[in-house]
Every structure is written in structure tokens, then in C-alpha cells.
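Q: Prediction below, plus the sequence it came from.
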Amino acid sequence: MPPLAAVSALAVGLGVPKRVVERHHKASARATAKPPAKASTDGLGAAAKATIEAARQGHPVLSARELARTYHIGRAKAGEVRAMVLAEADGHGLPGQATTR
């Protein structure tokens, strides 16, 4: 077999599996695509619930940055949620809010 024919056969032989694997990776990436972010009102409520539950059980409360990233809410809102929950846990509450005890 001439060298040019061998190189051509090798290129075709290795090119086919390469394209098949690339196509498989693209298909699996589309299948495992991240769902769209929830609306901020849903995220805000979920962040508040999770933070209250963590404080109630004595677990560390997530930082504002972690709350914002996890629940897709703004950093300012996440800070407000965190401050509210920590104030409630300390028994202080926020000014102008009634505590529920």
C-alpha cells in the first residue's frame, strides 16, 4: 500500500469516531442543559425558607453571596433575607417588624 493511501485511510478511520464522539457530547450537553432561572419572587421565598430552617436547626446560615447564587436573587435581597433571619434567630427582629414567638 502506498504511503499516501495509508495516511488517507488512517485519517478517515480516525476521523469517523472523532465526529461520532463530538456529536454524542453535543447531544448530551443539550439534554443536561440547566433549567431556566426561577423568578426572583420564588427564589426569594425559597432562600428565606432555607435560611430560616438552617438557623432553626443550628446549621450555619449561607452568606449573601451564596444565597444570591443558589436562589438566583440579587445580592441586596439576599443580604436582607440573611439579616432578617439572623435577627429573628437572635430574638431581636428588625425594627418595625413583630416577632413571631
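A: Sure thing, it's come through.
Q: Run a quick neighbour tally on residue 45.
A: 14 (other C-beta atoms under 10 Å). The way it works is simple: take the backbone N, C-alpha and C, and place the C-beta from them, glycine included.
Q: how close does it sit to residue 52?
A: 11 Å (C-beta to C-beta, to the nearest Å).
Q: before we move on, what about residue 78?
A: 14 Å.
Q: Can you pick out the residue with more neighbours from the two?
A: Between residue 78 and residue 52, counted using other C-beta under 10 Å, the more crowded position is residue 78 (26 against 16).
Q: Ramachandran angles for that one?
A: phi -60, psi -40 (degrees, to the nearest 10).
Q: Surely it and residue 71 touch.
A: Yes - using C-beta atoms under 8 Å, residue 78 and residue 71 qualify as a contacting pair, with a distance of 7.4 Å.
Q: so what sits against both of these two?
A: By C-beta atoms under 8 Å, 6 or more residues apart in numbering, residue 78 and residue 71 have these common neighbours: residue 47.
Q: so what's the residue nearest in space to the middle of the chain scoring on pLDDT?
A: Centre of the chain computed as the mean C-alpha position; nearest residue by C-alpha atoms, centre = their mean is residue 70, 5.1 Å away. Looking at residue 70, its pLDDT reads 90.
Q: What separation is there between residue 46 and residue 20?
A: As judged by C-beta to C-beta, residue 46 and residue 20 stand 41 Å apart.
Q: the more surrounded of those two?
A: residue 46 (16 against 10).
Q: distance of the more buried one from residue 8?
A: Distance from residue 46 to residue 8, by C-beta to C-beta: 58 Å.
Q: sorry, back to before: could you say what helices and strands the helix or strand harbouring the residue nearest to the centre of the chain packs with?
A: According to DSSP states H and E, residue 70 maps onto helix 64-71. Using 3 or more C-beta pairs under 8 Å, 6 or more residues apart in numbering; DSSP states H and E as the contact criterion, the elements in contact with helix 64-71 are helix 40-56, helix 75-90.
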